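1. Pasting a predicted model and its sequence here:
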2 protein chains.
Amino acid sequence: MLVGLVAFLPALAFAVTPSEPIQPIKVAKPANPKLVSLGQKLYFDPRLSKSGFISCNSCHNLSMGGTDNLRTSIGHNWTKGPINSPTVLNSSLNVAQFWDGRAADLKEQAGGPIANPGEMAFTHKLAVDMLKSIPGYVTEFKNTFNSDKITIEEVTLAIAAFEETLVTPNSRFDKWLRGDKKAINKQELAGYHLFKNSGCVACHNGPAVGGNSFQKMGVVEPYKDDSAAQGRSAVTGKDSDRFNFKVPTLRNVELTYPYFHDGGAATLTEAVDIMGRLQLGKKFSQEENASIVAFLKTLTGEQPSFKLPQLPPSSDKTPRPEPFAK
Amino acid sequence: MLVGLVAFLPALAFAVTPSEPIQPIKVAKPANPKLVSLGQKLYFDPRLSKSGFISCNSCHNLSMGGTDNLRTSIGHNWTKGPINSPTVLNSSLNVAQFWDGRAADLKEQAGGPIANPGEMAFTHKLAVDMLKSIPGYVTEFKNTFNSDKITIEEVTLAIAAFEETLVTPNSRFDKWLRGDKKAINKQELAGYHLFKNSGCVACHNGPAVGGNSFQKMGVVEPYKDDSAAQGRSAVTGKDSDRFNFKVPTLRNVELTYPYFHDGGAATLTEAVDIMGRLQLGKKFSQEENASIVAFLKTLTGEQPSFKLPQLPPSSDKTPRPEPFAK
């Protein structure tokens, strides 16, 4: 009966309770579909790497929560990456990009891995030369930018435009936030209350449930790992920024295992336990931990849905990839 | 006027001329959509590899003509593969699978790379154990096979069922075969006539324009390469089968560069020139070569079109990939 009644209430009744520290993810409304479509192709194109084997999607796999689900990534020549690949999902909501925030935005980020010798191991010049040699890309860049030249700025702008569409709205938790009180169950709600009342929400808040600040990893107790990554200090040069990392989003966290900048926590249970102890000085009981994990799984939203792109073929003039060159 | 008239002719007028040695590709009609959908997920799932990084789609990339566009592929730990990855497109039409035909069909083929130490470097047992630990897969296997167990036979059957859908109908050449005489231009038609009259069609015939026989590479002149692959003799043990390889399909050959079992020909121009000299004792003029290449590009069909699959997440019990384990 209540359900029937609720249906007649004005839309305002479903507005987000203003006091909640987490807000729903908004559906993406791309301003320039041509740019997004070009960016999608580039995102999936391994020819942006020296080997012709590694694309953006290799480490930020959109079949797997926008991650590679590895502790640290595999780069050119099977190089072991220094850090865990963060999810590309909802990354447009981040205050900055990379764990240490060294890129201001997605456009700046997109150029990084292409030229990183341990990742795609290419150069921006070679990437642009490659694209210029492919008639299908030449036409598409022209149609998108109304210009005959192709620049790395256009390449990264297009990739960023595609990535801005990779938001995950309508998670069960967002439905609950919007007023559908049946969208999450008792245990999940209890987990959310614990998440709020224990202090997790101090860092994990906003629409992305994180991503909007840098915080020290190991507040109460130091975090012990064998990772060389020291976080934000690599960017600011300040000793006080050592072990400060961008707080990761918890959206789709069910899909983005393993956790932390070093991928050191294999499961959500482990991650919640470690975060409680190191950041909050709190030992969650098994039941509390399970409730928080149950809540976190309600943050899985609608995954990006699109057809696998078809890439324009190389021409006779396209330089061939060199996967085994020294 | 002729066009108007033609429209009134009975459908029979558009039937394939029976004398042509190439037949159109038929649209796939999957008998079991559940099986195909499961196979699609498995095809894209890198957890079927030891590293958690390499899926079927890594080397048979459906954004790139079902190949990796590399001379030879990259396997586990950046292993250089011994042979060029053939396209998965229309592979259901092949007489057998692999260049040497050592697998009778797609189902038998699918198990190969998973357990090959230089490719996905896993074992069938580990692959099945991994799948059994993932609730999403357990449910989907149950819904597909009405059984609680998961076997490698089911895994390879599902992958093969997906691969059987990867046909590429309605190429311009197929439209021409079906009676649309404007579907290809004069140069392309001249190329087809050369292709037929020079003898290319002796091996490259049927719906796949190849794929239906084993032939010696280097009939008139020996093929010189530094590849260790000796072809069919590795399967039959017969010395007379040395350098006999399965004739590759020429469907979508515009997309499946580089060419030959060793990826030794970077361009179609080069491949046509070498084939003419080595197989037919014929030196095509530049104009003839260009016509044949133009014809070959009319064999590009409609590429498989489907949404990028979402993979069910691992559970806490799922063994984690070991990309850097020795």
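-> Yep, that arrived. The structure presented is a predicted model; accordingly, all values stated were derived computationally and were not measured.

2. which residues touch the residue in chain A that chain B sits nearest to?
-> Ranked by C-beta to the nearest C-beta, the top residue of chain A for proximity to chain B is A:W78, at 3.9 Å. For glycine as for every other residue, the C-beta is placed from the backbone atoms N, C-alpha and C. Listed by C-beta atoms under 8 Å, 6 or more residues apart in numbering or on different chains, the contact partners of A:W78 are B:N77, B:W78, B:P323, B:F324.

3. Nearest residue to the last one in space, please, no chain neighbours.
-> Meaning B:F324. What sits nearest to B:F324 in space, not counting adjacent residues and going by C-beta to C-beta, 6 or more residues apart in numbering or on different chains, is A:K80, at 5.4 Å.

4. which residues of chain A fall in strands?
-> Assigned strands in chain A, in chain order: A:74-75, A:79-80, A:214-216, A:244-246 (criterion: DSSP state E).

5. For stretch A:230-237, which outside residues touch it?
-> The list of residues contacting stretch A:230-237 from outside it, by C-beta under 8 Å, 6+ apart, reads A:99-102, A:214, A:217, A:238-246, A:261.

6. Quick one: buried ones out of those residues?
-> Among the contacts of stretch A:230-237, those that count as buried by neighbour count (16 or more other C-beta atoms under 10 Å in any protein chain shown) are A:W99, A:D100, A:G101, A:R102, A:F214, A:M217, A:D241, A:F243, A:N244, A:F245, A:K246, A:H261.

7. which two in these are spaced the farthest apart?
-> Between any two of the buried ones among the contacts of stretch A:230-237, the greatest separation by C-beta to C-beta is 16.6 Å, found for A:R102 and A:M217.

8. just to revisit the earlier point, which of the contacts of A:W78 sits closest to chain A?
-> When the contacts of A:W78 are compared for distance to chain A (C-beta to the nearest C-beta), B:W78 comes out closest, at 3.9 Å.

9. What does the pLDDT read for the closest one?
-> Model confidence at B:W78, given as pLDDT, is 97.

10. contacting residues for the closest residue to A:K196 other than its chain neighbours?
-> Computed as C-beta to C-beta, 6+ apart, the closest residue to A:K196 that is not its neighbour in sequence is A:P21, at 6.8 Å. By C-beta under 8 Å, 6+ apart, the contact list for A:P21 reads A:K196, A:V201, A:N205, A:G206.

11. ok, now which ones touch the third one?
-> The contact partners of A:N205, taken as C-beta under 8 Å, 6+ apart, are A:P21, A:I22, A:N212.

12. repeat for the last one
-> With contacts taken as C-beta under 8 Å, 6+ apart, A:G206 has the following neighbours: A:P21, A:I22, A:Q23, A:L93, A:N212.

13. What parts of the stretch 51-200 of chain A come near chain B?
-> Among all residues of the stretch 51-200 of chain A, those adjacent to chain B (criterion: C-beta under 8 Å from any C-beta of the partner chain) are A:51-53, A:58, A:61-65, A:68-71, A:74, A:77-78, A:80.

14. Report the buried members of the residues you listed.
-> When burial is judged by neighbour count using 16+ other C-beta under 10 Å, the buried members of those are A:51-53, A:58, A:61-65, A:68-71, A:74, A:77.

15. Nearest to A:I150, out of the residues you listed: which one, please.
-> Within these, proximity to A:I150 (C-beta to C-beta) peaks at A:G52, which comes in at 18.5 Å.

16. Please tell me how far the closest one sits from B:N252.
-> The spacing between A:G52 and B:N252, counted by C-beta to C-beta, to the nearest Å, is 18 Å.

17. What about the closest residue to A:N185 other than its chain neighbours, how many residues nearby?
-> When the adjacent residues along the chain are set aside, A:N185 lies closest to A:A294, with 7.8 Å between them (C-beta to C-beta, 6+ apart). Number of residues near A:A294 (other C-beta atoms under 10 Å in any protein chain shown) recorded here: 19.

18. so A:A294 makes contact with A:Y192?
-> No. Using C-beta atoms under 8 Å as the test, A:A294 is too far from A:Y192 to be in contact (9.2 Å).

19. now the helices for the stretch 51-200 of chain A?
-> Secondary structure of the stretch 51-200 of chain A (DSSP state H, counting those that start in this stretch): helices at A:56-59, A:106-115, A:124-132, A:135-145, A:152-164, A:172-177, A:186-197.

20. so what secondary structure elements neighbour the second one?
-> Using 3 or more C-beta pairs under 8 Å, 6 or more residues apart in numbering or on different chains; DSSP states H and E as the contact criterion, the elements in contact with helix A:106-115 are helix A:56-59, helix A:124-132, helix A:152-164.

21. So for that helix, mean pLDDT?
-> Averaged over helix A:106-115, pLDDT sits at 95.
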